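Asks: turn this into a model:
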Amino acid sequence: MQIFGVDIGGSGIKGAPVDLDKGDLAEERCKVLTPHPATPDGVADGVKQVVEHFGWTGPVGLTFPGVVTGGSTIRTAANVDKDWIDTDARALFSERLGGLPVTVVNDADAAGVAEMAFGAGQGRRGTVILLTFGTGIGSALFADGALVPNTELGHLELHGHDAEKRASSKAKEDNELTWEHWAHRVQKYLEHVEMLFSPELFIIGGGVSRKADRFLHFIEGIKAEIVPAQLQNNAGIVGAAMHAAKES
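Replies: Prediction:
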């Protein structure tokens, strides 16, 4: 069974048909740059471009980098335009895609669901936390396999700032940090999250998961196991498609 998944991020909008039996992309993904400012209309146009690239005419699952309530209403917009707040995202995207059935879910939650089903979290019980490091820091919290949605742990305060302002991969690039220096910031963040939630496992997702060998060995003193996401930066696309299949 195939469903189309789209992952909307602060820097890129990427999507592809997903083989839900394998938990992997059925075709090579298409990616377009997220417009700046990332307004609802601009992002919807980007999503349309990605979906039309494949000539897709079936259900579409989308992720969004913020809190999504009731399966449609956007409540936060830390790394996109503030006009998103209170937008009915499902109605917007469905209209732009010519009436196709659409579902919308938080981006990190989607990535976490995919990793728990097909990746690094398979079969893991207890408390598992996936953290996506990109333009911001997304989070997905699982208790014995059940998702606690919209946790937004990237906005925990760390040294007087939103954690993602210090420890996201964008912060690494903006401040021209070495992998080691950035890893020490990530370690401080993980120590804070571990103090609050005592997870058995941290899954590190986002684009940096492809480069785990560059920084994970610098992170010390964390009691939880720390592993890179196995689906890497495709986890959001797969999770978006899984959510669409569940809701359809």
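Asks: send me the longest helix along the chain as CSV with only the CA atoms.
Replies: Looking across the chain with DSSP state H, the single longest helix is helix 179-197. Taking C-alpha atoms only, helix 179-197 is exported to CSV below (Å, rounded to 0.1, in the frame of the first residue of the first chain):
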residue,chain,number,x,y,z
TRP,A,179,31.1,19.4,15.7
GLU,A,180,32.7,19.0,19.1
HIS,A,181,31.6,22.4,20.4
TRP,A,182,28.0,21.8,19.1
ALA,A,183,28.0,18.3,20.7
HIS,A,184,28.7,19.9,24.1
ARG,A,185,25.7,22.1,23.6
VAL,A,186,23.6,19.1,22.7
GLN,A,187,24.9,17.3,25.7
LYS,A,188,23.7,20.1,28.0
TYR,A,189,20.3,20.0,26.4
LEU,A,190,20.1,16.2,26.7
GLU,A,191,21.1,16.4,30.4
HIS,A,192,18.1,18.8,30.9
VAL,A,193,15.6,16.6,29.1
GLU,A,194,16.9,13.5,30.9
MET,A,195,16.5,15.1,34.2
LEU,A,196,12.8,15.8,33.4
PHE,A,197,11.8,12.6,31.7
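Asks: check which element follows that helix along the chain.
Replies: Sequence-wise, the next helix or strand downstream of helix 179-197 (DSSP states H and E) is strand 201-205.
Asks: okay, now the sheet partners of that following strand, with direction.
Replies: Strand pairing for strand 201-205, determined by DSSP bridges: strand 127-133 (parallel), strand 225-228 (parallel).
Asks: got the angle between it and helix 179-197?
Replies: For strand 201-205 against helix 179-197, the angle by axes from the mean of the first three to the mean of the last three Cα atoms, to 10 degrees is 140 degrees.
Asks: quick one on the thing from earlier: can you add mean neighbour count and distance to Ser248 and give the strands paired with strand 201-205 back as JSON lines?
Replies: For glycine as for every other residue, the C-beta is placed from the backbone atoms N, C-alpha and C. Compiled in JSON lines, the strands paired with strand 201-205 are given as follows (neighbours: other Cβ atoms under 10 Å; distance: least, Cβ to Cβ, whole Å):
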{"stretch": "strand 127-133", "mean neighbour count": "26", "distance to Ser248": "24"}
{"stretch": "strand 225-228", "mean neighbour count": "17", "distance to Ser248": "31"}
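Asks: so which of those is nearest Ala16?
Replies: Ala16 sits nearest to strand 127-133 of all those, at 18.1 Å, using Cβ to Cβ.
Asks: right, and the helix or strand after that closest one?
Replies: strand 137-143.
Asks: contacts for the following helix or strand past that following strand?
Replies: Next in sequence after strand 137-143, counting helices and strands by DSSP H and E, comes strand 146-148. Identification of contacts with strand 146-148 by Cβ atoms under 8 Å, 6 or more residues apart in numbering yields 109, 112-113, 140-142.
Asks: that older thread, as JSON lines, the strands paired with strand 201-205 with distance to Phe118 and mean pLDDT would be great.
Replies: As requested, the strands paired with strand 201-205 are exported to JSON lines (distance: least, Cβ to Cβ, whole Å; pLDDT from 0 to 100):
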{"stretch": "strand 127-133", "distance to Phe118": "13", "mean pLDDT": "97"}
{"stretch": "strand 225-228", "distance to Phe118": "14", "mean pLDDT": "98"}
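Asks: list just the one of those that sits closest to Gly239.
Replies: Closest to Gly239 of those is strand 127-133 (Cβ to Cβ; 10.0 Å).
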